[in-house]
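> can you look at this prediction? I've put the sequence above it.
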Amino acid sequence: MTKRGRDCMRRILSMLKLNTLRNQMLLGFLAVMLIILTFVGGITFHSVSTLLKNNAEKHIQQTAIQANGRLESVLEQINSLTTLVSTNDYIQQLLLRDIEGHPATFTERQALPSIINLVQIYTDGIKSVELYNKDGVRLYPLDGSTLRDKVPEDWIEMATRKEGSLVWFGIDPLDPTSLVAIRQISLIDRHFTTGGYLLIRSDRDKFALKDSLSGEGDGETVLLLAPDGQFITSNDDSISQKTAAKLVEESDDQNVSIGKRSFIVVKQRSSVTGWTLLILTPVNVITKGISVLRTTIVVSALMGTLLFTLLSFFLSILITRPVFRLIKAMRSTRLGILKPIENVSSTMEIQELNYSYNKMVDNINELIQLVYEKELSRSHTELKALQAQINPHFLFNTLDVLYWSLLDRDEDQLAEYVVAMSDLFRYTITGSSKGGWVKLQDELEHVKRYLLIMKMRFEDRLEWEIEAPPEFSNVELPRLLLQPLVENAVLHGVESKIEPGWIKLTVAGDEEWVTITVEDDGMGMDEEMLRSLVEGLDSGKVSSSKDSGVGIANVHRRLQLFFSRENEQGAAMTIDSQKGQGTRINIKIPVRGDKMP
C-alpha cells in the first residue's frame, strides 16, 4: 500500500473513531436523561402516593370519630334517662323499704310502669327496662324471676363495682338480637348503698352500621366489638370474629391483609361502653387515583425521552461536528514544539476556539522557555546553597576556638560573652523550629543571651528584668518573636539616654491567653508619632528609617501570619507610649501547646 493509501486509511479510521465517540456521547446523554426522569418520576409518584394515603387515613379517622360520637350520643341519652329512673323518689323509697323488710306490694309495683317506661318512650330501640331489688328479685315486670336468671353473676358484680354507672356488657345471653346494660341503684338516704338494679335491653339493630360511614359508598367495612371480643354489629360477613378480635389487640393503626384483600385499619374506642369501632377501608379504593398518576408519569417520561433524543441528535450535528473537525486538526500536530493551527471553520464559535488554541500554544511555548530558564537558575542557586552550608559550621568552630583561647588566658567574662554569642547565633541560624514554632522558655533564654551581650556593651547603663511564671514555659509561639521587641527597647530606650535605663519583660495569662509585655523607660513617642506608627502597622506600610519601628512591623506581620483568626481567636499587639516616659508593647496570643511544663 502506498503512503497516500495509508494516509487515507488513517483518516478513515480517525473519522470512524470520531463518529463512535459522538455516538457514545449521545448515548451517555440519553442515559443521564433517563436516570433523571426515572428519579424525578419515582420521587413524584412516591410523594403523591404518600399524600393520598395520609389524607385518606385522616379522613377515615375523622369518620370514625364522628361515628363513635353519634354512637356515644345515643348511649348518653339512655344513660341520662336511666339515671332519672334510678334517682326517682318513688323508686328510692320503694327499694329502701324493701331493704328494711317491707317488700313492695302488688299495688305499689303497678305504679312502676309510668316511671320506668320513660326510657322506652324517649329512646328508640329500647326493648325493655327491668327493675330488681338488692337480692336480684324482679319488681318490674311482675313475673317473679331473678336477675341471676337473666345475666351471669360476674356482670352483676361489675355493675356493683361501678357504683351507679351504666355498664354495657354486649349481647344478651338469652336473646342474640339484644344488647344488655345494667345500672346499680344507689340509695341516697342510705349512704348510697346498693338498693337494686336496672336491666336495660336494647335492640341490636339500633347499632347496626349497614351503610358506608363516609356516605360515598366506597366499600369500607365497619365492625363494632364488645370488650370481650363479641361482634355487636358488622356490615361484612366475610370477616370472622377471631380476625376482628386480633385487629383490636394491635396497638397501632396499620395496613393489614385479610385473605387477598388489603385494608387500612382505623380504630376508635368508646369511653362510655368500652366498645371498639373498626373501620377497614380497601387500599385499592384509597389509591385508585394513583394508577392515573402512574400512567401520566410514564407517558411524560416517554415523550421527554423522545424529544431529548431528537434534540440531542440535532445538537450533535450542529455543535459536535465542527468540534470534531477542530480535534482532527489538532491531532495533526507533531510531538515537539507546538504549532498554531489554521482556521478549519468559518463559524464564530470555532473561530473563537481556534484563536484560543493558538494563544494557548504561544503561551505554552513561552512558559516552556521560562521554566527552562528558571530550572537552570534554580540549579545554580541550589549549588550556591550547598556551598554556603559550611559557613555556620565555620562560624561556630571559630567561636569555639575563641572561647577556649579566652579560658586559657583567664578571661572568663569574655569567654562567657563568646558562649552567649555562639548560642545566640546557633538559635538564630540552625535551631530546629517545628515549622517556625518554639517554646516560650527557649525564646526567653534567647532574649537573656541577647541582653547579656548588650549588658557587655552598655555596662551599668542597662538594667533588665524578666518575669515569667514556670506554668507558661511550654506555651508555643513563633521563633524570634520577642527578640526584635527587646532589641527595639534597647535601641530606643537605653541607647538614646545618657543616664541608666531599664527594660522589663513580663509574662502573664490564663488557660486560654498569654500576654507578653516589653517595656522600657526611654524617650517614648508623642501622640502624632504613635498614631503614625499604629496606622502604618494596620496598613502594612512602615518606613525604613532607623526610628520607624521596622522590628515592630515584622513582629506584627508575623502575628497575623502565624495566628490566623480561627474560631474567633487571633493574636493582637498594642503599643502604649508617652513622650519622656517610655514605651510599652503588649502581645496577646492564644495558648498553643501544653501550658504546664
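Alright, I've got the coordinates.

> which parts of the stretch 151-300 of the chain are strands?
All strands of the stretch 151-300 of the chain, identified by DSSP state E, counting those that start in this stretch, fall at 166-172, 175-187, 193-203, 221-225, 231-234, 255-258, 261-269, 276-282.

> can I get those in JSON lines with distance to residue 552, mean pLDDT and mean neighbour count?
Using the backbone N, CA and C atoms, a C-beta is placed for each residue, glycine as well. Listed next are those as JSON lines, based on distance: least, CB to CB, whole Å; pLDDT from 0 to 100; neighbours: other CB atoms under 10 Å:
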{"stretch": "strand 166-172", "distance to residue 552": "94", "mean pLDDT": "85", "mean neighbour count": "20"}
{"stretch": "strand 175-187", "distance to residue 552": "98", "mean pLDDT": "88", "mean neighbour count": "20"}
{"stretch": "strand 193-203", "distance to residue 552": "101", "mean pLDDT": "90", "mean neighbour count": "21"}
{"stretch": "strand 221-225", "distance to residue 552": "89", "mean pLDDT": "77", "mean neighbour count": "23"}
{"stretch": "strand 231-234", "distance to residue 552": "95", "mean pLDDT": "73", "mean neighbour count": "19"}
{"stretch": "strand 255-258", "distance to residue 552": "77", "mean pLDDT": "72", "mean neighbour count": "14"}
{"stretch": "strand 261-269", "distance to residue 552": "79", "mean pLDDT": "74", "mean neighbour count": "19"}
{"stretch": "strand 276-282", "distance to residue 552": "83", "mean pLDDT": "76", "mean neighbour count": "22"}
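
> columns distance to residue 133 on top of those, output as TSV?
Formatted as TSV, the strands of the stretch 151-300 of the chain follow (distance: least, CB to CB, whole Å):
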stretch	distance to residue 133
strand 166-172	18
strand 175-187	9
strand 193-203	5
strand 221-225	33
strand 231-234	30
strand 255-258	48
strand 261-269	34
strand 276-282	34
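
> worst-scoring helix or strand of the chain, pLDDT-wise?
Here the helix or strand of the chain ranked lowest by mean pLDDT, DSSP states H and E is helix 390-408, holding a mean of 57.

> quick one, helices of the stretch 201-350 of the chain?
241-249, 283-286, 290-315, 321-331, 348-388 (DSSP state H, counting those that start in this stretch).

> other SSEs contacting the helix or strand where residue 573 lies?
Under DSSP states H and E, the secondary-structure element containing residue 573 is strand 572-578. Packing partners of strand 572-578 (3 or more CB pairs under 8 Å, 6 or more residues apart in numbering; DSSP states H and E): helix 527-539, helix 550-562, strand 582-590.

> nearest to residue 220 among the ones you listed would be which one?
Judged by CB to CB, the one of the helices and strands packed on strand 572-578 that comes nearest to residue 220 is strand 582-590, at 69.6 Å.

> ok, that closest one: who's next to it in the sheet?
The pairing partners recorded for strand 582-590 under DSSP bridges are strand 513-520 (antiparallel), strand 572-578 (antiparallel).

> indicate which one of these is closest to residue 556.
strand 572-578 (5.4 Å).

> for the closest one, buried residues please.
573, 575, 577 (16 or more other CB atoms under 10 Å).

> including pLDDT and distance to residue 91, could those go into CSV?
As requested, these are arranged in CSV below (pLDDT from 0 to 100; distance: CB to CB, whole Å):
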residue, pLDDT, distance to residue 91
573, 90, 100
575, 91, 103
577, 89, 107
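
> and of those residues, the nearest to residue 194?
residue 573 (93.7 Å).

> doesn't residue 586 make contact with the closest one?
Yes: in terms of CB atoms under 8 Å, residue 573 counts as a neighbour of residue 586; the distance is 6.9 Å.

> beyond the strand or helix carrying residue 83, next helix or strand please.
Residue 83 is part of helix 3-86, with elements assigned from DSSP H and E. Remark: after helix 3-86, the chain's next helix or strand is helix 89-99, criterion DSSP H and E.

> what's in contact with that next one?
Contacting residues not belonging to helix 89-99 are listed as 85, 103-104, 108, 111-112, 115, 131, 133-134, 139, 185, 187-190, 193, 195-196 [CB atoms under 8 Å, 6 or more residues apart in numbering].

> if you set the cut-off to 7 Å instead, what comes out?
Contacts with helix 89-99, where a contact means CB atoms under 7 Å, 6 or more residues apart in numbering, come from 85, 104, 108, 111, 115, 133-134, 185, 187-190, 195-196.

> columns distance to residue 519 on top of the residues you listed, output as CSV?
Shown next, in CSV, are these (distance: CB to CB, whole Å):
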residue, distance to residue 519
85, 103
104, 114
108, 116
111, 115
115, 108
133, 108
134, 105
185, 101
187, 101
188, 98
189, 101
190, 100
195, 102
196, 105
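
> generate a ChimeraX selection restricted to the buried entries among these.
Restricted to buried positions by 16+ other CB under 10 Å, the ChimeraX selection for these reads:
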select :85,104,108,115,133,134,185,187,195,196
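
> of the contacts of helix 89-99, which is the nearest to residue 249?
Using CB to CB, residue 185 comes nearest to residue 249 of the contacts of helix 89-99, at 35.1 Å.
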